[in-house]
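*Asks:* the following block contains a protein sequence and its predicted model.
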Amino acid sequence: MTWSALITLVVGLAAVAFLVAANEPAEIFGLLGAAGLGMLAVIALRLPQILFAALGWAPLIDGPGRPGWAALVRMRWIRDSVNALLPVAQVGGEFVRVRLLVQRGIGAAPATASVAVDLGTELAAQFVFAAIGVAVLLRLPHQGQAAAEWAVVAAALCGAMALGFLAAQRWGLFRLVERLLPKLTGKAAGRAGMAGLHQAVLRLHRAPRRLWSSGAAHLVSWLLGTLEAWAALRVLGVEAGLAEALVIESLGQLARSLGFMVPGAFGVQEGGFVLACGLFGIPPEQAVAFALVRRIRDVAFALPGLAAWRWGAMTYARARTANAAANAAANAAATAGRPTPR
């Protein structure tokens, strides 16, 4: 864990604590307690989002050994868990995804290319989702014109990030990665493992059907978050429709993505949701409770996800050790069976 990650994490957690302390903490926790079993419905609505996010990744994985959808859902779940709870910037889960694919027999270059391009199509889909949210916001009665204007700016920034990242991929970003990785790691194996990475990325960019299929699945995943937001608002007693829920979800997730350097987006996500709720006159205590419901959902999914990751890593390590021992025994037996040279 770097010092910058530690500092941003502490600042983010302090921001969350401040939001709670400044807005009737007793009432906030009372709202959370009253949510009861409704919290389970909110948590369950995360499942289809993970499914469609995994389906958005699937078309970008080359090779006959591509894992099935169940395995991809598990990998996506682990990726989200790493980004939600571990003290790393919100790209740490992408490195884990690459590693999990490599363990499944996919080459390092195609695995990295699939994750990189998937991240780009997901960001592009989020821009579309944010643009829909802003368009709906401008047609609904709302408060805080300045906040609405900032939402437009943030959505435009998201679009610029998506287009810039995808353009950089086409213009040689990963050719640079191919060249620099062996120097940074000091391992010649890094060059061999990543050989052809740039070409693997370009192959995906030259397959528009794959890109559109990936982006469409990711957009469905983002839109399904509207149902989760609506359910969370309802269990907290907020009378909001799907249109308001769509705006709140799109702007809250937009804030989370723009704060990608903050581990878990602590403070950034909560602040985004509170500001978005304020556009519709939702009282601060209910807005903070809503943000905490989403954080509880993150934790509820991330803890078992991290446990599944560690269990899988130990199983993989044991299998490698067993295979190495079996190969060594086979080699020893073959050597013992050879005639002694004179």
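*Replies:* Structure received. Keep in mind it's a predicted model, so treat the numbers as computed, not measured.
*Asks:* ok, then the element right after the worst-scoring helix or strand of the chain on mean pLDDT?
*Replies:* Within the chain, no helix or strand scores below helix 188-194, which has a mean of 56 by mean pLDDT, DSSP states H and E. Next along the chain after helix 188-194, taking DSSP states H and E as the criterion, comes helix 197-205.
*Asks:* any low-confidence regions in the stretch 101-250 of the chain?
*Replies:* Scanning the stretch 101-250 of the chain for pLDDT under 70 picks out the ranges 181-193.
*Asks:* and the helices in it?
*Replies:* Taking DSSP state H, counting those that start in this stretch, the helices of the stretch 101-250 of the chain run over residues 108-139, 145-170, 173-185, 188-194, 197-205, 208-235, 242-258.
*Asks:* wait, residue 104 sits on residue 67?
*Replies:* Yes. If you go by C-beta atoms under 8 Å, residue 104 and residue 67 touch, sitting 5.2 Å apart. Backbone N, C-alpha and C define where each C-beta goes, glycine included.
*Asks:* now the helices of the stretch 101-250 of the chain as TSV including distance to residue 12 and mean neighbour count?
*Replies:* Shown next, in TSV, are the helices of the stretch 101-250 of the chain (distance: least, C-beta to C-beta, whole Å; neighbours: other C-beta atoms under 10 Å):
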stretch	distance to residue 12	mean neighbour count
helix 108-139	20	22
helix 145-170	18	16
helix 173-185	28	15
helix 188-194	33	15
helix 197-205	32	20
helix 208-235	21	20
helix 242-258	11	24
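*Asks:* now tabulate the ones you listed in a markdown table and tack on distance to residue 56.
*Replies:* Listed next are the helices of the stretch 101-250 of the chain as a markdown table, based on distance: least, C-beta to C-beta, whole Å:
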| stretch | distance to residue 56 |
| --- | --- |
| helix 108-139 | 7 |
| helix 145-170 | 14 |
| helix 173-185 | 20 |
| helix 188-194 | 24 |
| helix 197-205 | 13 |
| helix 208-235 | 3 |
| helix 242-258 | 15 |
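*Asks:* closest to residue 47 out of the ones you listed?
*Replies:* Nearest to residue 47 among the helices of the stretch 101-250 of the chain is helix 208-235 (9.5 Å), distances taken as C-beta to C-beta.
*Asks:* for that closest one, name the packing helices and strands.
*Replies:* The helices and strands touching helix 208-235, judged by 3 or more C-beta pairs under 8 Å, 6 or more residues apart in numbering; DSSP states H and E, are helix 38-44, helix 46-57, helix 108-139, helix 197-205, helix 242-258, helix 284-336.
*Asks:* what angle sits between the third one and helix 145-170?
*Replies:* An angle of 160 degrees separates the directions of helix 108-139 and helix 145-170 when computed by axes from the mean of the first three to the mean of the last three C-alpha atoms, to 10 degrees.
*Asks:* could I get the helices and strands packed on helix 208-235 in TSV, plus columns for distance to residue 231?
*Replies:* Listed next are the helices and strands packed on helix 208-235 as TSV, based on distance: least, C-beta to C-beta, whole Å:
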stretch	distance to residue 231
helix 38-44	5
helix 46-57	10
helix 108-139	17
helix 197-205	35
helix 242-258	8
helix 284-336	9
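*Asks:* might you report the residue contacts of residue 33?
*Replies:* Listed by C-beta atoms under 8 Å, 6 or more residues apart in numbering, residue 33 has no contact partners.
*Asks:* residue 225 against residue 251, yeah?
*Replies:* No. Using C-beta under 8 Å, residue 225 is not in contact with residue 251, being 11.5 Å away.
*Asks:* which other residues reach stretch 49-62?
*Replies:* Outside stretch 49-62, the residues that reach it (C-beta under 8 Å, 6+ apart) are 66-67, 69, 72-73, 75-77, 80, 101, 106, 110-111, 113-115, 117-118, 121-122, 125, 200, 203-204, 209-210, 213-218, 220-222, 224-225, 228.
*Asks:* same thing with stretch 244-254?
*Replies:* Contacts for stretch 244-254 (C-beta under 8 Å, 6+ apart): 126, 129-130, 132-134, 136-137, 140, 151, 154-155, 158, 222-223, 225-230, 233, 240, 269, 272-273, 275-277, 279-280, 290-291, 294.
*Asks:* how about 6 Å then?
*Replies:* The contact list for stretch 244-254 (C-beta atoms under 6 Å, 6 or more residues apart in numbering) reads 129-130, 133, 136-137, 151, 154, 158, 225-226, 229-230, 272-273, 276-277, 280.
*Asks:* run the chain-centre distance for it.
*Replies:* Averaging C-alpha positions (C-alpha atoms, centre = their mean, to the nearest Å) puts stretch 244-254 17 Å from its chain's average.
*Asks:* CA atoms only: put it into CSV for me.
*Replies:* C-alpha atoms of stretch 244-254 as CSV (Å, rounded to 0.1, in the frame of the first residue of the first chain):
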residue,chain,number,x,y,z
GLU,A,244,-35.3,10.2,-10.1
ALA,A,245,-33.5,6.9,-9.2
LEU,A,246,-31.9,6.9,-12.7
VAL,A,247,-30.5,10.4,-12.2
ILE,A,248,-29.2,9.6,-8.7
GLU,A,249,-27.6,6.4,-9.7
SER,A,250,-26.0,7.8,-12.8
LEU,A,251,-24.5,10.8,-11.0
GLY,A,252,-23.4,8.8,-8.0
GLN,A,253,-21.6,6.3,-10.1
LEU,A,254,-20.1,9.0,-12.2
